[in-house]
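A.B. asks: Build me a model:
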Amino acid sequence: MLALNIPSPSYKMIKKKCVHQTFRPSTPAMPSAHIHQIQSTPIAYYAGYRQALRDSFRKGIPRPVEYRQRQLAQLAYMLQDNHARFTDALYQDLGKPALEVYLAEIGAALNGALKAAREVADWATPQDVQTDDMWKPFGPKIYKAAKGVVLIIGPSNYPCILTLQPLTGAIASGCCAVVKPSELTPTYANLLAELLPQYLDSSCYRIVNGSIPETTALLELKWDHIFYTGSAVVAKVIATAAAKHLTPCSLELGGKCAAVIDPNVPADDEDYVLRAAKRILWGKTQHAGQVCVSADYVLVKESMVDEVVEAFRTVSKQFYPDGALAKDASYSSILNRAHLARHEKLLADTKGKIVIGGQVDETRLKLEPTVVVLEDRQDVLMQTEIFGPILPIVPVQDIDDAIEFINDMPEALALYVFSADQAVKSRFINETLSGSIVFNDTYQQLGVTNLPFGCVGASGYGYQGGKFTYDGFTHLRSSIDVPKEAEPHISIRYPPYSEQATNIFFGAVKQPIPFERIPPITTNGVETNGKKVETSGNGRATVLAA
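C.D. replies: Below is the predicted model:
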């Protein structure tokens, strides 16, 4: 039982193998997010907002680099001047500890805005193209053109950084933008609606608040780019709406990110397993596991499972000496009661063994970091992204089995491999696919400047982070300037086509190919069960349909 200064708890049984304790303190230890209501922006305003931004864009207001730098600086000032209010809002909505807010929310957003302000002049500089000598007189360049008026739809788990980081990229690119924060973080959304117009130019940047009807109305309008962070279910709705206007999208989703612990423990590293457990659990407990790049399960060799479980138990006690549900624990809440109920149902339905955690504080919407050893790879915990503090351990036979398991799952945003063996690392690089691959840590890749945070396959598409966010809102506009002096050299292209001109262009077909030839497939007339067999010059056979 956790050492909480609360009335006697009530208990309920989830499974015979694990007692699931539900605490209901008489006085909440944190403010309730449910007393705050989103202040919706009337739908009737949306078309006017978009048209006003389009007019500003066509006038070129957001185009000068100096203007972009001023707006980015203003964004940084907004966060700096109001850091206490933002910290309180994220605590009210999500129960986030101040350190996590400074680390991954307002601190990261402020740093990103300042980095963009310092570097946008370089980003926006037209790029000279290295080309063949014959084209150099044309002065080929790539111009960085802002796409236009963009829509940014933010998530609830990291509402500050995952709303303002795309906005930073939009400002830096010279776009105008409408920002739609998540209605599930109403305190933050209302605060942003209050502050953004005080710091940014409302002729170029607007904020819209609301829920599903408001988002639906926004998606009916034509945008020049849509940037969405959230679930795959909603992403499909957004992509479908965008397709009607051929609007490009950036979709930052999630998936079941795997962590793998290499069973080949280095002889000179006695802390190998404990350190891996600490780094995995640290990433898993950031915002109570409600992170798109959180390790969603751990692949462990069967013979190591008990050792890994004990390592997680040791680390959990180090992180939370009085338990993660203690009032002073550095631990976030679950988003809302519905999400908490979903996690409770997962724990009730799993056939795995709950070996660590499993306790809930329903009043404060908190669930302990919970480790479950699975008996069945098709367990309910492996069907969808958990997006919370439940961590299944999936026993595997070896590295081959782990790689095959990962490849049988939809692509995720991240893959975490704990290994000291370069050959093992190379196998995961070459034989798996994920948005990012991290060795010997979790979550930390998001803090490394100049690395793209990107998606692949089922985890979405597009990139963000620094210049990569800027690139997403920028069209690379190819350009050449053909001088009059080039006329004698290009006149060969004009009709009527001469035999001499045709022979010159035919030269491309006759040029030597500096690579080894694989002989073409030839038919040898052999038939197998009524089907013709063709054999190539290297002995390979292909059976053709009859």
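
A.B. asks: Let me know the pLDDT of the closest residue to residue 328 other than its chain neighbours.
C.D. replies: Nearest residue to residue 328 in three dimensions, chain neighbours excluded: residue 322, at 7.5 Å (CB to CB, 6 or more residues apart in numbering). The way it works is simple: take the backbone N, C-alpha and C, and place the C-beta from them, glycine included. Note on residue 322: pLDDT of 96.

A.B. asks: ditto for residue 449
C.D. replies: 86.

A.B. asks: mind listing what it touches?
C.D. replies: Shown in contact with residue 449 (CB atoms under 8 Å, 6 or more residues apart in numbering): 115, 466.

A.B. asks: ditto for residue 140
C.D. replies: Residue 140 touches 128, 129, 131, 478, 479, 480, counting by CB under 8 Å, 6+ apart.

A.B. asks: Name the nearest residue to residue 116, sequence neighbours excluded.
C.D. replies: residue 172 (4.4 Å).

A.B. asks: thought that neighbour was touching residue 472?
C.D. replies: No. Assessed by CB atoms under 8 Å, residue 172 is found out of contact with residue 472, at 10.7 Å.

A.B. asks: Which one of these two is surrounded by more residues?
C.D. replies: For residue 172 and residue 472, the more surrounded residue by other CB atoms under 10 Å is residue 172, and the numbers stand at 31 against 23.

A.B. asks: How about the secondary structure of that one?
C.D. replies: helix (DSSP: H, G, I helix; E, B strand; the rest coil).

A.B. asks: after the top helix by length along the chain comes which helix or strand?
C.D. replies: Ranked by residue count, the top helix of the chain under DSSP state H comes out as helix 106-124. Reading on from helix 106-124 to the C-terminus, the next helix or strand found by DSSP states H and E is strand 127-128.

A.B. asks: Give me the helices and strands touching that following strand, please.
C.D. replies: For strand 127-128, the packing partners by 3 or more CB pairs under 8 Å, 6 or more residues apart in numbering; DSSP states H and E come out as strand 141-146.

A.B. asks: What pairs with the strand it packs on, parallel or antiparallel?
C.D. replies: Sheet pairing for strand 141-146, assigned by DSSP bridges, gives strand 127-128 (antiparallel), strand 474-479 (antiparallel).

A.B. asks: ok so, going back, in CSV: the contacts of residue 140, plus distance to residue 284.
C.D. replies: Listed next are those as CSV, based on distance: CB to CB, whole Å:
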residue, distance to residue 284
128, 46
129, 46
131, 49
478, 45
479, 48
480, 52
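
A.B. asks: By neighbours, which of those wins?
C.D. replies: Most surrounded of these: other CB under 10 Å gives residue 129, at 15 neighbours.

A.B. asks: now that residue, nearest residue through space, not along the chain?
C.D. replies: Leaving aside its chain neighbours, residue 129 sits nearest to residue 140 (4.1 Å; criterion: CB to CB, 6+ apart).

A.B. asks: go on, residue 45?
C.D. replies: The shortest distance from residue 45 to any non-neighbouring residue, by CB to CB, 6+ apart, is to residue 208 (7.8 Å).

A.B. asks: Number of residues surrounding the one you found?
C.D. replies: By other CB under 10 Å, the burial measure for residue 208, its neighbour count, is 24.

A.B. asks: That one reaches residue 46, doesn't it?
C.D. replies: Yes. Between residue 208 and residue 46 a contact is recorded at 6.6 Å, counting by CB under 8 Å.

A.B. asks: same for whichever strand or helix holds residue 345, what does it pack against?
C.D. replies: According to DSSP H and E, residue 345 maps onto helix 337-349. Using 3+ CB pairs under 8 Å, 6+ apart, the elements in contact with helix 337-349 are strand 10-15, strand 18-23, strand 366-367, strand 390-396.

A.B. asks: hmm, 7 Å instead?
C.D. replies: Secondary-structure packing of helix 337-349 (3 or more CB pairs under 7 Å, 6 or more residues apart in numbering; DSSP states H and E): strand 390-396.

A.B. asks: Outside of the strand it packs on itself, list whatever touches it.
C.D. replies: For strand 390-396, contacts defined as CB atoms under 7 Å, 6 or more residues apart in numbering pick out 284, 295, 297-302, 305, 308, 343, 346-347, 352, 370-374, 377, 381-382, 402, 405.

A.B. asks: ok, now with 6 Å
C.D. replies: 284, 297-300, 302, 305, 370-374, 381, 402 (CB atoms under 6 Å, 6 or more residues apart in numbering).

A.B. asks: For the helix holding residue 345, buried residues please.
C.D. replies: Of all the residues in helix 337-349, those buried under the rule 16 or more other CB atoms under 10 Å are 339, 340, 343, 344, 346, 347.

A.B. asks: Tell me which residue is most central in this structure.
C.D. replies: Closest residue to the average C-alpha location of the chain: residue 252 at 4.3 Å, with CA atoms, centre = their mean.

A.B. asks: Could you give the bridge partners of that residue?
C.D. replies: residue 229, residue 460.

A.B. asks: Need the strands paired with strand 141-146 in TSV (columns: distance to residue 62 and mean pLDDT).
C.D. replies: Formatted as TSV, the strands paired with strand 141-146 follow (distance: least, CB to CB, whole Å; pLDDT from 0 to 100):
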stretch	distance to residue 62	mean pLDDT
strand 127-128	21	96
strand 474-479	13	98
